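In: Fold the stuff below for me.
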Amino acid sequence: MQRTATGPRSARWRWTAREDVVLGALVALFAVLSLWSTPSFVDYDYREPDALSVGLAVLSGATVAVRTRWPLPALAVASVASLLPVQQGYAQGVATLAPLLVAYTVAAVRPLRQSTVATACAWLLAAAVLLTGPFEPSPADWFGNTLLLGTAFGVGRSVRVRRQQTAGLEERNRALLEAREARSRAVEVDERAAIAREMQDLVTHGLTALTVQTAAARRLLRTDPDTAEELLRTVERTGQDAIADMRRILGVLRPPSDVAELRPQPGLADIDDLVTQVRAAGLPVELVSVGTAAEVEPGVALTAYRLVQEALRNCQQHAGRAAATVVLHWQPGSLSLAVEDDGRGVRDGEAEGRGLRSLAERVQAYGGRLRAGPRGGGGFAVTATLPTSRSAA
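Out: As a prediction, this is how the structure comes out:
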């Protein structure tokens, strides 16, 4: 949570810092150039530029470059670096803009008390320079310096207040959204509880009806077989209706993220689509079906599909540049499957890691058998035999 929260702020700070570096470099450049192009309002005898004045001009630009990261120290240094040349008799130049830019930043990022005290200190330093400088300050000098520094402070405070208002609105909107989501979840929980009670009523009613009808059919089985048979048909219909109702209610209770799980499990009819997908992924696969297809239990069909799926996945991962063949051989009472490839085969101990152990257990659970190993002549083969009926198993 902490890294996620600080990431956007650090990204914004890096962008602001780059802007400050560019602005600071421009201030330093023009501050140095202005030492040799004296403004027209300078009407006193000033000193010629030297290394000290150039160094102070560069330092004033450097404070602008770091004003976002260290605003208060930057304001102090900027005030000294820009006003000291004036007190020492150098001509005023662009360097005097540095404390104004930093004062704006201080007012924009620091609390009111800190920014007020820092700006007041900068004004007092400017006043000291006016009183001790090489010229007699006029009312315009006092008013101009006060106006410029006050404007920088006021603009910065306005930006800070606007940012705080925006942050407050965002926080309130976030709180309202969370409250709305909480109410939605509470309503959903209530609805699910009502559905659960309804499901309990349906299941109880269905099981009661099944029990009564089954007991009646058992009593009439010898004396009135026709009526008993009709009761058993009713039991069958009642059970099917109860299952359908339960599935519908469970579908409502299922989270939205599980909607995809409502799709039917794949079976033998989906192997053709599976082979097409594997071909599209780059593995040449041929599907061969021998004999007459028969109806099989859903569990057997799913096991056969998973076996072909896992074997083809192994071909893609381990066989290298190879082609594969899938063979479905229908025989009376059984289905034989074979997935073979002509790839590089397997290294020692690799066959055990091919994810086929669980498939072998599923095949055995239905009375079948599975074999996996190298083919004669190269490659790998997975073969299995599954019964197509309970009697065959």
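In: low-scoring stretches of the stretch 51-200 of the chain, by residue?
Out: Scanning the stretch 51-200 of the chain for pLDDT under 70 picks out 91-92, 134-135, 191-192, 194-196, 198-200.
In: can you pull out the strands in it?
Out: Counting by DSSP state E, counting those that start in this stretch, the stretch 51-200 of the chain forms no strands at all.
In: ranges for the helices of it?
Out: 51-65, 71-87, 97-109, 112-132, 139-220 (DSSP state H, counting those that start in this stretch).
In: Now do the shortest one: which elements does it pack against?
Out: Okay, so that is helix 97-109. helix 2-34, helix 51-65, helix 71-87, helix 112-132, helix 139-220 (3 or more C-beta pairs under 8 Å, 6 or more residues apart in numbering; DSSP states H and E). Glycine gets a C-beta too; all of them are placed from N, C-alpha and C.
In: In the stretch 201-350 of the chain, where is pLDDT below threshold?
Out: The low-confidence ranges in the stretch 201-350 of the chain, as defined by pLDDT under 70, are 201-203, 205-206, 245, 247-264, 319-320, 345-350.
In: Which stretch among the helices of the stretch 51-200 of the chain approaches residue 302 most closely?
Out: helix 139-220 (26.7 Å; C-beta to C-beta).
In: Could you say which of the helices of the stretch 51-200 of the chain is packed most deeply?
Out: Neighbour counts (mean count of other C-beta atoms under 10 Å) averaged over each of these peak at helix 97-109, with a mean of 25.
In: re the thing from before, format the helices and strands packed on helix 97-109 as TSV; extra columns: distance to residue 275.
Out: Formatted as TSV, the helices and strands packed on helix 97-109 follow (distance: least, C-beta to C-beta, whole Å):
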stretch	distance to residue 275
helix 2-34	44
helix 51-65	65
helix 71-87	67
helix 112-132	72
helix 139-220	41
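In: hmm, back to that, Serialize the helices of the stretch 51-200 of the chain to a markdown table and add fields for distance to residue 362.
Out: Shown next, in a markdown table, are those (distance: least, C-beta to C-beta, whole Å):
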| stretch | distance to residue 362 |
| --- | --- |
| helix 51-65 | 69 |
| helix 71-87 | 69 |
| helix 97-109 | 65 |
| helix 112-132 | 71 |
| helix 139-220 | 30 |
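In: Neighbours of the residue nearest to residue 296 when sequence neighbours are not counted, how many?
Out: Distances taken as C-beta to C-beta, 6 or more residues apart in numbering place residue 388 nearest to residue 296, at 4.7 Å, with adjacent residues excluded. Using other C-beta atoms under 10 Å, residue 388 is surrounded by 20 other residues.
In: doesn't residue 336 make contact with residue 388?
Out: No - Residue 388 is beyond contact range of residue 336, at 10.6 Å (criterion: C-beta atoms under 8 Å).
In: picking up where we left off before, so how far is residue 309 from the residue nearest to residue 296?
Out: 20 Å (C-beta to C-beta, to the nearest Å).
In: still on that earlier bit, of the helices and strands packed on helix 97-109, which is nearest residue 102?
Out: Closest among the helices and strands packed on helix 97-109, using C-beta to C-beta: helix 71-87, at 4.5 Å.
In: Which neighbouring elements make contact with that closest one?
Out: Using 3+ C-beta pairs under 8 Å, 6+ apart: helix 71-87 touches helix 51-65, helix 97-109, helix 112-132.
In: In TSV: those helices, plus distance to residue 142.
Out: Output for these, formatted as TSV (distance: least, C-beta to C-beta, whole Å):
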stretch	distance to residue 142
helix 51-65	22
helix 97-109	16
helix 112-132	7
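In: So which of those helices is nearest residue 305?
Out: The closest of the helices and strands packed on helix 71-87 to residue 305 is helix 97-109. By C-beta to C-beta, the value is 63.3 Å.
In: coming back round to it: out of the helices and strands packed on helix 71-87, the one nearest residue 267 is which?
Out: Nearest of the helices and strands packed on helix 71-87 to residue 267, taken as C-beta to C-beta: helix 97-109 at 65.6 Å.
In: where's that closest one relative to the chain centroid, distance-wise?
Out: 38 Å (C-alpha atoms, centre = their mean, to the nearest Å).
In: ok, back up a step: and of the helices and strands packed on helix 97-109, who's closest to residue 268?
Out: Residue 268 lies closest to helix 139-220 among the helices and strands packed on helix 97-109, at 32.5 Å (C-beta to C-beta).
In: tell me the angle that closest one makes with helix 97-109.
Out: Between helix 139-220 and helix 97-109, the angle comes out at 30 degrees (axes from the mean of the first three to the mean of the last three C-alpha atoms, to 10 degrees).
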